[in-house]
Each structure stands twice: as structure tokens, then as C-alpha cells.
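Student: Let's see this in three dimensions:
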Amino acid sequence: MSQTYTIPDTLANWPWKRKINQHYEEVKMESASWARSFHAFSPQAQDAFDRCDFKRLRTGCDLMNLFFVIDEHSDLSSVADAETQAQIIMNALMNPEKPRPHGEWVGGEVARQYWELAIKTATPKSQRRFVAAFDDYMNAVVQQAKDRTHSTIRDIDSYMEVRRKTIGAWPSFALLELDMDLPEDFMDHPVMHELHVLSISMICLGNVSDIAPLPSDIVSWNLEQSRGDDTHNIVRIVMNQLDTDINGAMAWVEMYHKELEVKFMDIFTKSQEWNKSMNKDISRYVEGLGNWVRANDQWSFESKRYFGDRGLEIMSKRTVSMMPKRNDVLNGTQLDIGPVIVDGSIL
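Tutor: Predicted coordinates for the structure are as follows:
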């Protein structure tokens, strides 16, 4: 019988509730069609990719598609290849009007087209912050490749430092301000920095992602361990450092998440008083940070990336069976690039 474990309900008391944009269905189809046009994955992997079901307006949907192209390719890349991919991505973002070289890695053209469209509705300040945040993200992706190559399992603190960048939340937060002209002193304020760190930490730990959807750790761990690629995951990190089992690691994550939530809500409440003398964009931006945490959680279960057709059921029951190691992992063969379809019956 397979081992079961419990996914903690980290957002049981989170005040931000599920919301979905009224234009979702229309925009989803446009972005999905755009993503498929690059043929970045095999037909089978593309089918699994389509089931991820990204929920954002066009710029948001396109960004999530870009993230997953980068993530799925870099996860199987050498350090040298990851460094090359990072250089290509950043060159494309800084030169969106310039055609990409023939035969280049497909991620360059995905990034170029994404940013060429996005900047049409983005303020200059938000554009600068997005590019800077994306550069940090790509550098962290290269660091993850180095850790993977050297079989490095970090301790909790150093892992969280890197994970807050590989999760992709910093550039994702730029979506909240694309139409805003937020002052630098607001974005650089220590209160805002702390809110950013706390919200990103909860996204890393919680039931994503991973906004990403960006892949969060307690949800993505099962799929990652089945692929033999779970060393960059808080569940494995905690199991290793604290010498505990899966449920022990999940309990630790739940406790740590609650501490982060209390700190976030305390600072958020105080910031509301501070924001009364500020403009509405600031309040909208801060609200967006809390909503991102909820959005990641919902996407994790509503999409089919981690739980197949059983996402909402597992969201309610919280109990999951550990997936067996894939045959290609057991045989030591190279994994195909791209997501895989999860058979919910084995969960």
C-alpha cells in the first residue's frame, strides 16, 4: 500500500477569498493559443501543459506560460545550458523589438513576444522593476541548476533565500503595478520589503504555484519526488535537516506558514493606516499581495498539474498518496522536457 500524507490547509483563515476575472475564458484561449504556437514541448507534454489552466488577463496568462517554458526546460539543463538560457531571456527582454537569431532556444522568442506585448500597457517604472526582478529570477534559476548538478541539499534558511527568487513572485508582482506609477520611496520602504518577503515566503511554502501560479513546495513535492527532482523543495529540505518524515515536514511547514501569516497580517493592518494618506494605487497594490497568496493556492488544486482530475477533492480532504517513482527515473534515462499528465487514480 502506498504511503499517504496530509497537505496542511495553510490558508484556512486567510482573509482574501477566491476571485476570478470575468474575462478569463476569452483571455485563456488567446494566451493558450499563443503558447502552443512555439512548439516548446512534445505533443504529450503540451497536452499536460494545457491542463495547467492559467487564470490571469493576457499579460498575466502569457507570463505564466513563459515561466513554465523556462521552468520545464531549465529543470533538465546543465549549468552551462541554464546560463545560456538566462542570457537569451534577458537579452530578449531588453530588446523586444529585435528579432531573435535563427535556431536559438525557443525561450528567447517566447520572452521577446511576451514583453513586446506587455510593455504596451506598462508604465516605465513598472517596466524597469519587472526587468530587474526577472534578472534576479534567472540568476536564481542558474543557481538551482548548480545545486542540482552538485546534488546540493541546502539548509532551511539558505534554501528559502534562493527559493524566494526561483518561485518567480518578484517579477509576477510587477503585474500588480503595470498600469501604476508607484513612487520609488514606497517600493523601497522597509514595510513594503517585509510584506513582499512574507507574501513570497507563503507562496513558496503553500499550496501553489506556484501563481507559480507558480509551483509551491508542499503541493509540487509529490510530483517532483516521483521525477527524482525534489532537492529544491522545502519538504525535502526539512526532512533532511530535521530528520523527519513527510508528515513531520508538512507539520513544520504548516507551523512556519502560520508564523508568516501572523506577521503579514500585523504589518498589513498597520499599513492600511499608513496608506490612508496615500493614493489608491498603493492600497490596490498591497491588496494584490494578499490576493496572490490565495490565487496560488486555488490554482494548485483547480488546475490539473499536480492532482489530475482530483484537485478539488484533495483540496477538501487534504490526504494524498505518494506517487511511485517514474520508470524513466528508476532506469536512469533522460526525462522528456515538459510537464506530465498526472493520473489522479494513484493519488
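Student: Spatially, and excluding backbone neighbours, which residue is closest to residue 122.
Tutor: residue 178 (4.4 Å; C-beta to C-beta, 6 or more residues apart in numbering). Where C-beta positions appear, they are placed from N, C-alpha and C, glycine not excepted.
Student: Residue 307 now?
Tutor: Per C-beta to C-beta, 6+ apart, closest to residue 307 is residue 314, 5.0 Å.
Student: Least confident secondary structure element in this protein?
Tutor: Lowest mean confidence among the helices and strands of the chain (mean pLDDT, DSSP states H and E): helix 43-50, at a mean of 58.
Student: Would you mark the buried spots in stretch 128-135?
Tutor: Within stretch 128-135, the residues that count as buried by 16 or more other C-beta atoms under 10 Å are 129, 130, 131, 133, 134, 135.
Student: could you dump those residues to a markdown table with secondary structure and distance to residue 256?
Tutor: Output for those, formatted as a markdown table (DSSP: H, G, I helix; E, B strand; the rest coil; distance: C-beta to C-beta, whole Å):
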| residue | secondary structure | distance to residue 256 |
| --- | --- | --- |
| 129 | helix | 28 |
| 130 | helix | 29 |
| 131 | helix | 32 |
| 133 | helix | 24 |
| 134 | helix | 27 |
| 135 | helix | 28 |
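Student: Contact partners for residue 16?
Tutor: Under the criterion of C-beta atoms under 8 Å, 6 or more residues apart in numbering, the neighbours of residue 16 are 287, 290, 291, 293, 294.
Student: follow-up on the earlier one: could you double-check that the residue nearest to residue 307 lies in contact with residue 5?
Tutor: No - contact criterion C-beta atoms under 8 Å: residue 314 and residue 5 do not qualify, at 11.4 Å.
Student: which residues are in contact with both of the two?
Tutor: Common neighbours of residue 314 and residue 5 (criterion: C-beta under 8 Å, 6+ apart): residue 320.
Student: could you pull out the helices for the stretch 201-347 of the chain?
Tutor: 217-226, 234-242, 246-275, 280-302, 311-317, 327-330 (DSSP state H, counting those that start in this stretch).
Student: give me the number of residues near the nearest residue to residue 201 once chain neighbours are set aside?
Tutor: Residue nearest to residue 201 in three dimensions, not counting chain neighbours: residue 260, with 5.3 Å by C-beta to C-beta, 6+ apart. Close neighbours of residue 260, defined as other C-beta atoms under 10 Å, add up to 20.
Student: pLDDT below threshold where in the stretch 1-150 of the chain?
Tutor: 1-2, 40-41, 44-57 (pLDDT under 70).
Student: can you give me the strands in it?
Tutor: 4-6 (DSSP state E, counting those that start in this stretch).
Student: can you give me the helices in it?
Tutor: 24-36, 43-50, 58-74, 79-94, 107-118, 124-149.
Student: Buried deepest among those, which one?
Tutor: helix 58-74 (a mean of 23; mean count of other C-beta atoms under 10 Å).
Student: Now do the contacts for residue 226.
Tutor: 323, 324, 325, 326, 329.
Student: Got the confidence number for the fourth one?
Tutor: At residue 326, the pLDDT value in this model is 79.
Student: What distance do you get for the nearest residue to it once chain neighbours are set aside to residue 9?
Tutor: Distance criterion C-beta to C-beta, 6+ apart; nearest residue to residue 326, sequence neighbours excluded, is residue 226 at 5.5 Å. Distance of residue 226 to residue 9, computed by C-beta to C-beta, to the nearest Å: 23 Å.
Student: what do you get for residue 159?
Tutor: 23 Å.
Student: Next: residue 306.
Tutor: 16 Å.
Student: These two: which is more packed in?
Tutor: Between residue 306 and residue 9, counting by other C-beta under 10 Å, residue 306 is the more crowded of the two (31 against 15).
Student: shaky segments in the stretch 151-300 of the chain?
Tutor: 207-216, 274-278.
Student: just to revisit the earlier point, could you provide the helices of the stretch 201-347 of the chain in a markdown table, with additional columns for distance to residue 21?
Tutor: Listed next are these as a markdown table, based on distance: least, C-beta to C-beta, whole Å:
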| stretch | distance to residue 21 |
| --- | --- |
| helix 217-226 | 22 |
| helix 234-242 | 30 |
| helix 246-275 | 23 |
| helix 280-302 | 11 |
| helix 311-317 | 20 |
| helix 327-330 | 38 |
